[in-house]
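Q: with the sequence up front, the predicted model follows.
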Amino acid sequence: MRFAEFVSRFMLYTQGGVNTYSPMKLRQSAVLVPVVNIDDQAHLLLCKRPTYLKHHPGQICFPGGKVDPDDRSVVHTALRECHEELDIPVENVTILGQIEPIDTATGFSISPIIATLNWPLSIKPNPGEVEATFLISLEEAMKPSNWSQIKVPVKHRTITVNGKMTEQGLLWGATAKIMHNLFERIS
């Protein structure tokens, strides 16, 4: 998908206002969904978490984390976390809007903040939070044929998830749900 087409579709179909809370008693968090322009094509910037982390080791994700008491909004949280994890200055980020939050089985409500990044730019992953970063073209990510039902071991059971294999491993869970919600918005 062309970069300009992505931006115009998202802006045309974006929700009014920004939801800053969940109706359930869940821990509030936010992620930045960074979209970059490479050769006039929209790409998503993703991260891989280090395998030694206690929570979600080795998983593919967007930069983000828990809302801190000092954060002014979920947008502030997403920008702060992106800077902490990838050393991306706020002035290199243009916020487009927000899509509906998703609630996770692990007790979080995640607010996805959609943004574009000035590209190219220097990314310096914080090794305590990010093992690697990589890009996926939006066109590739949106193809239903690139997704499949995959069995994943979770705790003491196996669940079936909608996932996509990437160069850094399996993309599934909350990140996949956020991507699919974004795809529905711009389709």
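A: All right, it came through fine. These numbers were taken from a predicted model, which means no experiment stands behind them.
Q: quick one, what contacts residue 149?
A: Listed by Cβ atoms under 8 Å, 6 or more residues apart in numbering, the contact partners of residue 149 are 160, 161, 162, 163. In this view, the C-beta of every residue, glycine as well, is placed from N, C-alpha and C.
Q: residues touching the most centrally placed residue in the chain, list them.
A: Centroid-nearest residue in the chain, with Cα atoms, centre = their mean: residue 62, separated by 3.3 Å. With contact set as Cβ under 8 Å, 6+ apart, residue 62 has these partners: 31, 32, 33, 34, 45, 46, 47, 112, 175, 178.
Q: same check on residue 68?
A: Applying Cβ under 8 Å, 6+ apart, we find residue 68 in contact with 77, 80.
Q: tell me the secondary structure at it.
A: What DSSP: H, G, I helix; E, B strand; the rest coil gives for residue 68 is coil.
Q: that one and residue 31, how far apart?
A: Distance, residue 68 to residue 31, by Cβ to Cβ, to the nearest Å: 14 Å.
Q: state the pLDDT value of the residue of the chain positioned farthest from its centre.
A: Within the chain, residue 156 marks the point farthest from the mean C-alpha position, 26.9 Å out by Cα atoms, centre = their mean. At residue 156, the model reports a pLDDT of 83.
Q: now do the one 5 residues further on
A: Predicted confidence (pLDDT) for residue 161: 84.
Q: what sits against it?
A: Residue 161 sits next to 149, 150, 151, 152, 172, 173, 176 when contact means Cβ under 8 Å, 6+ apart.
Q: could you rerun that using 7 Å?
A: Shown in contact with residue 161 (Cβ atoms under 7 Å, 6 or more residues apart in numbering): 150, 152, 172, 173.
Q: now do residue 45
A: When contacts are counted by Cβ under 7 Å, 6+ apart, residue 45 touches 34, 36, 117, 133, 135.
Q: ok, these vs residue 89, which is closest?
A: residue 117 (10.2 Å; Cβ to Cβ).
Q: where along this protein do the helices fall?
A: 3-13, 74-86, 138-142, 173-186 (DSSP state H).
Q: tell me which of these lies nearest to residue 93.
A: helix 74-86 (6.2 Å).
Q: counting by contacts, list what the closest one packs against.
A: strand 27-38, strand 64-66, strand 93-98, strand 108-117 (3 or more Cβ pairs under 7 Å, 6 or more residues apart in numbering; DSSP states H and E).
Q: mean confidence score for it?
A: Regarding helix 74-86, the rounded mean pLDDT is 97.
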